[in-house]
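1. Show me the folded form of this:
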Amino acid sequence: YLKGADECVTSLTDDCARVHTVRSAVGPEPYLMIDANSAWTEKIALRALREVREANVFFLEEPVPTDDLDSSIRLTARAETQIAGYETETSRFGFRNIIERRAVDVVQPDSCWTGGLSEARKVAHLAGAHHMLCVPHCFSTAVAMTANMHLVGSISNGEFVEWDCNENPLVDELLATPMQLRADGLLAIPNGPGLGIELDEDVVERHRVAADDVTRVLA
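-> Numbers count the residues shown, from 1 in each chain. The predicted structure is shown next:
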């Protein structure tokens, strides 16, 4: 809720009120997770968790910056709600530090950011050895979504995968056979060769960006 050109201007009070509104709308049974996107301090996170206690939040994702490990350790130790993170950590060595120091309750690697499926599985197995749930981050493309679905399906401590409900052609249109989220919140893991998916080449071509265009934009 810091004010700036590209930052949210919603107050913490309004933010917490929205959590309660969602809980009222969905009822007491569904899991409810909230995400601070690393924007809070330890004290703000504790205040927010007190405000939403009655909403029965399953976990709070990325409450503080990834590199503020000490705050995350203290917060995890004090909070009644599970703390999840940190998608912006990109190596099993960084996750080892997060896991072994109990900086989170729920570990969130991304198969596409953490060295691929093999590397992400190493993170997940280490989390499992510490009795931690692994809920991979996924907020990009249908390919990333499929990879993380396979990750969850291949580990004993996986249960959820992140589904982006925003309009995104790289999720909604990229696959020749689009993924379908069932009414009960379940996804079918593709079982063909590789990831089990086929790209729609017309969509790929439509969104293709030439290397010189990238260079020009970066310049």
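
2. Tell me the spacing between the residue nearest to residue 198 when sequence neighbours are not counted and residue 204.
-> Among residues not flanking residue 198 along the chain, residue 176 sits closest, at 4.2 Å (Cβ to Cβ, 6 or more residues apart in numbering). For every residue, glycine as well, the C-beta is placed using N, CA and C. Separation of residue 176 from residue 204 (Cβ to Cβ, to the nearest Å) stands at 11 Å.

3. OK, contacts around the residue positioned nearest the centre of the chain?
-> Geometric centre of the chain, nearest residue: residue 137, 3.1 Å, by Cα atoms, centre = their mean. Counting by Cβ atoms under 8 Å, 6 or more residues apart in numbering, residue 137 touches 87, 108-110, 113, 148, 162.

4. and if we set it to 7 Å?
-> 87, 108, 110, 162 (Cβ atoms under 7 Å, 6 or more residues apart in numbering).

5. For this structure, name the helix or strand with the lowest mean pLDDT.
-> Sorting the helices and strands of the chain by mean pLDDT, DSSP states H and E puts helix 211-218 at the bottom, at a mean of 64.

6. Which helix or which strand is home to residue 146?
-> Using DSSP states H and E, residue 146 sits in helix 142-153.

7. Could you list every helix and strand in contact with that helix?
-> helix 116-129, helix 169-172 (3 or more Cβ pairs under 7 Å, 6 or more residues apart in numbering; DSSP states H and E).

8. Can you flag the weakest of those helices by average pLDDT?
-> Ranked by mean pLDDT, these end with helix 169-172 at the bottom, a mean of 90.

9. Confirm residue 191 sits in a helix?
-> No: using DSSP: H, G, I helix; E, B strand; the rest coil, the assignment for residue 191 is coil, not a helix.

10. residues near it, how many?
-> 8 (other Cβ atoms under 10 Å).

11. And it, what's its pLDDT?
-> 90.

12. Can you get me a residue count around residue 32?
-> Neighbours of residue 32 (other Cβ under 10 Å): 16.

13. Just the strands from the chain, written as ranges.
-> Using DSSP state E, the strands of the chain run over residues 33-35, 59-61, 82-85, 106-107, 133-134.

14. The ones you listed: which one's closest to residue 195?
-> Residue 195 lies closest, by Cβ to Cβ, to one member of the strands of the chain: strand 133-134, at 18.6 Å.

15. Looking at the closest one now, give me its mean pLDDT.
-> Rounded mean pLDDT across strand 133-134 is 97.

16. now it, how far from the chain's geometric center?
-> 11 Å (Cα atoms, centre = their mean, to the nearest Å).

17. and if you look at stretch 116-136?
-> 14 Å.

18. which residues touch that stretch?
-> Contact partners of stretch 116-136, identified using Cβ under 7 Å, 6+ apart, comprise 84, 92, 95-96, 99, 105-111, 114, 147-148, 150-152, 154-162.
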